[in-house]
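>>> below are the sequence and a predicted model; questions follow.
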Amino acid sequence: MTISAISSGSASPASSGAGAASRIQQLQKQIKDATSELKEVASSDADAKTKQQQTQLLQAKIQMLQAQIEALQNQQAQQAQQAAQRGTEAVQSKQDGAVQGRSRSNPGQGGLGGLLDEYA
């Protein structure tokens, strides 16, 4: 049985949603592989103490992989929330600019009162 190393580097803010999604898929594959190794350990000829040690190592590996997935998912959610907030701010900024532009082009003629005076 081989237990491979787990990279525990944190994802940088520059990593995009697609990069994080790809990394999550890699981690899920590693979890699947570790689960298969657990089954192999259970059916192996090794003594009970060796099986127990290998099982504990594999379970710890799976927990670490799951924690990495959770961290990436949290990062994706935070990035999505920030993007939505930036989008809302951009729309609000455009609306504010449009209102200011109308005010400058028709000073003193705001709303229906200005239109009525214009036609009277």
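Great, that's in hand.

>>> okay, now the unreliable bits of this structure?
Along the chain, segments meeting pLDDT under 70 span 1-16, 98-120.

>>> tell me the helices and strands packed up against the longest helix seen in the chain.
If you go by DSSP state H, the chain has its longest helix at helix 48-105. Under the contact definition 3 or more Cβ pairs under 8 Å, 6 or more residues apart in numbering; DSSP states H and E, helix 48-105 sits against helix 17-42. Every C-beta, even on glycine, is put in place using the N, C-alpha and C of the backbone.

>>> is Ala46 in a helix, a strand, or coil?
Of the three states, Ala46 takes coil under DSSP: H, G, I helix; E, B strand; the rest coil.

>>> got a list of what it touches?
Gln54 (Cβ atoms under 8 Å, 6 or more residues apart in numbering).

>>> give me the distance between it and Glu37.
13 Å (Cβ to Cβ, to the nearest Å).

>>> same question for Lys94.
Applying Cβ to Cβ, the value for Lys94 to Glu37 is 55 Å.

>>> which of those two has more residues huddled nearby?
Shown here are Lys94 and Glu37; by other Cβ atoms under 10 Å, Glu37 has more neighbours (20 against 10).

>>> how much space separates that one from Val91?
Counting by Cβ to Cβ - Glu37 and Val91 are separated by 51 Å.

>>> and Gln76, how far is that from Gln95?
In terms of Cβ to Cβ, Gln76 sits 29 Å off from Gln95.
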